[in-house]
Each structure stands twice: as C-alpha cells, then as structure tokens.
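A.B. asks: Predicted model and sequence follow; I will ask about them next.
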Amino acid sequence: VRRLTVPAIAKRKGGEPIVMLTAYTARMAQLLDKHCDMLLVGDSLGQVIYGLDTTVKVTLDMMIAHGAAVVRGSYRAVVVVDMPFGSYEASPQHAFESAARVMKETGAAAVKLEGGVAMAETVTFLARRGIPVVGHVGLTPQAVNALGGYGARGRSETEAATILADATAIADAGAFALVVEGVVETLGRRITETVRCPTIGIGASLACDGQVLVVDDMLGMFERVPRFVERFDDLAVRIDAAAASYAAAVRERRFPTEKQLYL
Ligand code: KIV
Ligand code: NA
C-alpha cells in the first residue's frame, strides 16, 4: 500500500471527509492507520502521555521521538507532527530549522503550527522550502496563558471576524489544510466556505472538510473531556476492570496457570 500524499489531502476540499486522529506510539499508529487519512502527532501528548498541565512545556525532542514512532507504525496515513510552543514563533528561519529537524528525524510528511495572521509569513517560508504545513486556528491551546482558558472561541462578532481573518491568512499563505478548533458552529461553517484548503474540525461543526479528535479522548480514557468529544469506547473502565482482575488473580494465586508455564 502506498502512503497517501499531501497533494491528495489538499484535493479533498468539499469532497469525501478527511478522517484524522492523533497517535503518539507505534502500536496505536498501526491500529489506526487503515482507518485514517491522516495521523496527527499532537502536542496534546504533553497532557495525554506525560501528565503535563498544558502543551506549553512540550519540547521539540518529545515531538520528534513520538513522531518517529508513529511514522514507523504506519504505512498509509499522512503523518503530521505538531511544532511545539517555542520552536517556531520567533522567526521563519527558526521555524524552518525546527521543522527541518522534524522532517529529517521522523520521516513525517508535514508539520502543524498554531496561529493566524502573525504566522502567515512563516507558513509561506516553510511551504516554499518543501515543508508542507497544516494550520491551526480558533482555540489554540499553546496560547492558553493569553486566552485565559479553553472556552469556545468566536462568540462575539469581533472575535469571529479575527478568527476568520486568521484562517484566511494561513490558507492564503500556503497551508494545505487547516485545523479549526473550538469555535461556534456558524464560524466553523463560515471558515470552511471561505478558505481554499480543506478544514479539519475539532469542535468546529459538521461543515468542516474533515474531523480530528484526540485518540485517548475518543477511546474514553479520561473522565473529563471537552464538549466536542464523542466517546466511541470506555477504555478507562475496561482497563480498570482488567487491572482489578489481574490483581485478584495474583493475590489469590490463580495466575499464572498451567497454560503460561514453561514445562
Ligand atoms: O495536539 C493535538 O492533539 C491537536 C489536535 C487536538 C488538533 O492539535
Ligand atoms: Na496540538
């Protein structure tokens, strides 16, 4: 099976919805690969894998280690690696150096970065130098300290206009896809109708050209999840039950059994 390509994804505007999930490990990538068009090595791994409180502390080395694992575990999906906070904002040149490391050391097809008008020049700089870029606007978790929380964005007319301008700037700058996170339904629709590239929504409405979720949220690994998450399983409950069964079997000397013994 040949891997899907960035141009193939870019052509999906208004077409068959783009299916994207996050992945952080090789085995999970292997399991998700045949179902997804794109796998995102999200900096959400800060919370999901490392127990950090925000994505602000995630490092480029962390992203590269997990990015390489996801590329090794997948063979069909386009793998996108998040640029972590502090690795791209200072200048287009700095962004290129960080993104080039991601591309060389992971084998991923593209990077994703957060931001709007202020990042447009950087998106163009990378895209013109052979690094495909996915944008990310609306609720941008790396800006949590500036935004003051993770509430939905675009409720006021002025905020909606700012986010639409951000989306347009990033798409016009050459992003081949745009993640739109945590915005009111009308704005998700409006952005999708306005920008030239496919939009991938997470809490941004059915109108988007695709959808993405954090895989651990979707699997029901956490008690508390944002409103935009649908739990397609309840893995936390099932893992709890499995661990309880194992613990009881060990304590009651019912494990190992004959089947597991080297005779
Ligand atoms: O880090 C992440 O998982 C993301 C998605 C939620 C879009 O950026
Ligand atoms: Na992210």
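C.D. replies: Thanks, I have the structure now. Ligands and ions are numbered 1, 2, ... in the order given.
A.B. asks: and residue 10, how many residues sit next to it?
C.D. replies: Close neighbours of residue 10, defined as other Cβ atoms under 10 Å, add up to 15. Bear in mind the C-beta positions are built from the backbone N, C-alpha and C, glycine included.
A.B. asks: which residue packs closest to it, ignoring adjacent ones?
C.D. replies: residue 176 (4.3 Å; Cβ to Cβ, 6 or more residues apart in numbering).
A.B. asks: Would you enumerate the residues in contact with that neighbour?
C.D. replies: Residue 176 makes contacts with 6-7, 9-10, 110, 127, 132-134, 197-198, as judged by Cβ atoms under 8 Å, 6 or more residues apart in numbering.
A.B. asks: Next SSE downstream of the helix or strand hosting residue 32?
C.D. replies: Residue 32 is part of helix 26-32 when elements are defined by DSSP states H and E. Per DSSP H and E, the first helix or strand lying C-terminal to helix 26-32 is strand 38-41.
A.B. asks: Is that following strand positioned near ligand 2?
C.D. replies: No. Using Cβ under 5 Å from the ion, we find that strand 38-41 stays clear of ligand 2, coming within 7.5 Å at best.
A.B. asks: Looking at the contacts of residue 176, which is nearest ligand 1?
C.D. replies: residue 134 (9.0 Å; Cβ to the nearest ligand atom).
A.B. asks: just to revisit the earlier point, where strands are concerned, which of the contacts of residue 176 count?
C.D. replies: With DSSP state E as the criterion, strands contain 110, 133-134 from among those.
A.B. asks: Residues of the stretch 51-200 of the chain that sit close to ligand 1?
C.D. replies: 82, 136, 179, 181 (Cβ under 6 Å from any ligand atom).
A.B. asks: burial of the nearest residue to the third one once chain neighbours are set aside, as a residue count?
C.D. replies: Right, residue 179. The spatial neighbour of residue 179 that comes closest, neighbours along the chain excluded (Cβ to Cβ, 6+ apart), is residue 136 at 4.3 Å. Using other Cβ under 10 Å, residue 136 is surrounded by 29 other residues.
A.B. asks: thought residue 136 was touching residue 183?
C.D. replies: No. In terms of Cβ atoms under 8 Å, residue 136 does not count as a neighbour of residue 183; the distance is 11.7 Å.
A.B. asks: Return the nearest residue of this structure with respect to ligand 1.
C.D. replies: The nearest approach of the chain to ligand 1 comes at residue 42, 2.3 Å away (Cβ to the nearest ligand atom).
A.B. asks: residues in contact with that residue?
C.D. replies: When contacts are counted by Cβ under 8 Å, 6+ apart, residue 42 is found next to 22, 24, 82, 214.
A.B. asks: Got the confidence number for it?
C.D. replies: At residue 42, the model reports a pLDDT of 98.
A.B. asks: how near is it to ligand 2?
C.D. replies: Distance of residue 42 to ligand 2, computed by Cβ to the ion, to the nearest Å: 4 Å.
A.B. asks: again with residue 227
C.D. replies: Going from residue 227 to ligand 2 by Cβ to the ion gives 18 Å.
A.B. asks: can you give me how far the lowest-mean-pLDDT helix or strand in the chain is from the chain middle?
C.D. replies: Every helix and strand of the chain was ranked by mean pLDDT, DSSP states H and E. The lowest is helix 144-147, at a mean of 95. Its chain's C-alpha centre and that of helix 144-147 lie 19 Å apart, by Cα atoms, centre = their mean, to the nearest Å.
A.B. asks: and it, C-alpha only, in PDB?
C.D. replies: What follows is helix 144-147, C-alpha atoms only, in PDB (Å, rounded to 0.1, in the frame of the first residue of the first chain):
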ATOM      1  CA  VAL A 144      -3.800  29.200  26.900                       C
ATOM      2  CA  ASN A 145      -1.900  31.800  29.000                       C
ATOM      3  CA  ALA A 146      -3.000  34.600  26.700                       C
ATOM      4  CA  LEU A 147      -6.600  33.300  26.100                       C
END
